[in-house]
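Novice: turn this into a model:
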Amino acid sequence: MEKAQVKKPSIARNGVFYLVFSVLNALFPFLTSLYVARVLSSDAIGQVSYAINIVTYFSIFAFVGIPTYGMREIAKCRDDKISLNKLFTELFTINTVTTTIALAAYIGLVFIVPDFHLHEHLALYLFCGILVVLNYFNVTWLYEGVEKFSINAIVNVCTKLISFVFLVLFVKSEEHSLIYAILAVVGFSGYYLVTFFFFPKYAKFDFKELQFKRHFKPILFLVVVNLAIEIYSLVDITMIGAITGEDSLVTYYKYAHQIQKTLLMVVNALTMVIVPRLSKFYKEERFEEYNDLVSRVFSMIIMIAIPMIIGIMFTADQLVVYIYGDEYLACSNTLKLLSANLIISPLGYLLGSRICLTANKEKYMPIAVGAGALVNIGLNAWLIHVMSIEGAAIASIVGELVVLGVYLAFSHKYFRLKVHWMNLSKILIALVVMTGYLLLIYFLVDHMILKICLEIAGAIIIYFGLLAIIREEATFSVIRKVFHR
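Specialist: Numbering: from 1, shown residues only. Coordinates of the predicted model:
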């Protein structure tokens, strides 16, 4: 059996690349919206956003959970080139078939279904359909499975930078909304086309004795999970608009959620890059290393998420005004509430979703996400009437807690968390000192921009500087590697 002799990838290095990849995916729509809001009308922006929103559902059906499932399965057999080539061929073929079905269904919607009135903006919807077409070339899961996160990250950076530059150069007025739509789609998924040309270095097509049936059940579960997550992420804004009828409240919640989502990408990047390594450990029954890795990432989530939450509590009022303007101060309280999800969601993602995925227990994932979505919808229907957008934020938090609780109920027997109390106590000391510093700045500095700079920069320097001085495990390890190199 042919074995690939490759150097063991660095989780820290992969974490940096995946962090860049994730944050860019969150920042790109945010940065483009800041520009187009000044050159296009709200109606034009809304039409493009709605068209992309419709196409997104077809994209979910097109990739049918293969990015998540493929990463895990590739990780299990990446040292066996024969098995890897066969697996890659099977998943790529499934992706081609499902993408063709999704594309045909989307074209049918555009040309046949009159209720959507898509014929009024036919060109817009056809151009946005490129999002589905690009999925034919999506092999990003292959690079993630063999822990080559740098390929996706570097190409993603270049694609989004080029798209943004073209946006500034060619989108100047109301007549350019179609160009904006094309660049938005290319910026989001254009890197699929570029990364496709690198796959022969890591896998080749092998059409002998293919076995498709073994993939259907886990992929089906992941389709349900992806749909539930997509609906879960949209339901807050949908219900705010439906219940209140006020567009401004929708905007306030959307902007608060956008900041929270960007920060959440930073924390979740830690859990995503360990999936290939966890899958390999679990398959080889190296449970000591498996549990140690889960425990280390658990500590890192605590170390990063909690100071983010504290920082938002102190900076939210100034931050939203500085980014969006005085009229958006109303969304600062919503941002403060949503910040709780910076720790709840990643813990559910790590201790539930990632554990279930690596233990081949995908069947629990739709139950957890579905339960959270139902609770969120139910609470939204009540709390939005009572507390407006703050009620929607509370509903989101409770929904995430339900997801975490259900995941833990199903997954706790598949891992053993090792809590390093000494290391956690060091993190607590740094948090207390950082909070004291923020209190001083909050009461002593009045100038808004100066206050924001001192709060953010000072808190980061004090927090991580103190962690390095008292030799917190993760921080000191990174510094030691940097100086060693």
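Novice: so in the chain, which helix runs the longest?
Specialist: Using DSSP state H to assign secondary structure, the helix with the most residues in the chain is helix 365-411.
Novice: how distant is the next helix or strand after that helix from the center of its chain?
Specialist: Once the chain leaves helix 365-411, the next helix or strand it forms, by DSSP states H and E, is helix 421-444. Relative to the chain's own centre, helix 421-444 is displaced by 28 Å; criterion: CA atoms, centre = their mean, to the nearest Å.
Novice: in helix 421-444, what's buried?
Specialist: 423, 426, 427, 430, 431, 434, 435, 437, 438, 441, 442 (16 or more other CB atoms under 10 Å). For glycine as for every other residue, the C-beta is placed from the backbone atoms N, C-alpha and C.
Novice: what do you get for stretch 74-83?
Specialist: Buried residues in stretch 74-83, counting neighbours by 16+ other CB under 10 Å, are found at 74, 75, 76, 77, 78, 79, 81, 83.
Novice: closest one of those residues to residue 446?
Specialist: residue 75 (52.7 Å; CB to CB).
Novice: what angle do the host helix or strand of that closest one and helix 365-411 make?
Specialist: Residue 75 is located in helix 66-77, with elements delineated by DSSP H and E. Helix 66-77 and helix 365-411 are oriented at 40 degrees to each other (axes from the mean of the first three to the mean of the last three CA atoms, to 10 degrees).
Novice: elements contacting helix 66-77?
Specialist: helix 81-112, helix 140-145, helix 213-244, helix 275-283, helix 355-358 (3 or more CB pairs under 8 Å, 6 or more residues apart in numbering; DSSP states H and E).
Novice: which strands or helices does the first one pack on?
Specialist: Here helix 81-112 touches helix 42-63, helix 66-77, helix 122-128, helix 130-133, helix 213-244, going by 3+ CB pairs under 8 Å, 6+ apart.
Novice: please repeat the previous calculation with a cut-off of 6 Å.
Specialist: Where contact means 3 or more CB pairs under 6 Å, 6 or more residues apart in numbering; DSSP states H and E, helix 81-112 is packed against helix 42-63, helix 66-77, helix 130-133.
Novice: mind putting those helices into a markdown table with distance to residue 112 and mean pLDDT?
Specialist: Below are those laid out as a markdown table (distance: least, CB to CB, whole Å; pLDDT from 0 to 100):
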| stretch | distance to residue 112 | mean pLDDT |
| --- | --- | --- |
| helix 42-63 | 14 | 76 |
| helix 66-77 | 28 | 81 |
| helix 130-133 | 16 | 92 |
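Novice: related to what we said a few turns ago, with distance to residue 446 and mean pLDDT added, can I get the helices and strands packed on helix 66-77 in CSV?
Specialist: CSV is the format used below for the helices and strands packed on helix 66-77 (distance: least, CB to CB, whole Å; pLDDT from 0 to 100):
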stretch, distance to residue 446, mean pLDDT
helix 81-112, 54, 90
helix 140-145, 47, 84
helix 213-244, 34, 74
helix 275-283, 47, 73
helix 355-358, 48, 77
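Novice: and the ones you listed as CSV, adding distance to residue 173?
Specialist: Below are those laid out as CSV (distance: least, CB to CB, whole Å):
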stretch, distance to residue 173
helix 81-112, 26
helix 140-145, 35
helix 213-244, 28
helix 275-283, 45
helix 355-358, 46
